[in-house]
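# Quick one: sequence and predicted model below, then my questions.
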Amino acid sequence: MLPVRKTSKSKTRTRRSHHRLTAVNYSLCKKCGTAKLPHAACGQCGYLNEKISLNLAEKADD
């Protein structure tokens, strides 16, 4: 069977309103202040919390 009437743009877009992307929430690193994902180590300094900190060594280019 075919639909009786064409679905309007408004009806279609209202139905799809929850298909949008959600924005990523960033938090600031307490040590260096750069933006990072929450509950993850900082990409710049490796700081996570007082007890855990990653040593990010510089790669030596040969």
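Arrived safely.

# ok, now which ones touch the spatially most central residue of the chain?
Closest residue to the average C-alpha location of the chain: Val24 at 3.1 Å, with Cα atoms, centre = their mean. By Cβ atoms under 8 Å, 6 or more residues apart in numbering, Val24 lies in contact with Leu37. For the C-beta atoms, the positions are set from N, CA and C on the backbone; glycine is no exception.

# How many neighbouring residues does the spatially closest residue to Ala40 that is not a sequence neighbour have?
Spatial nearest neighbour of Ala40, chain neighbours left out: Leu48 (7.6 Å); criterion: Cβ to Cβ, 6 or more residues apart in numbering. With neighbours defined by other Cβ atoms under 10 Å, the count for Leu48 comes to 17.

# what pLDDT does Leu48 get?
At Leu48, the predicted lDDT confidence score is 83.

# quick one, strands of this structure?
For the chain, applying DSSP state E gives strands covering 27-28, 35-36.

# Please name whichever of the ones you listed is nearest to Ile52.
Between Ile52 and these, the tightest spacing by Cβ to Cβ is seen for strand 35-36, at 13.8 Å.
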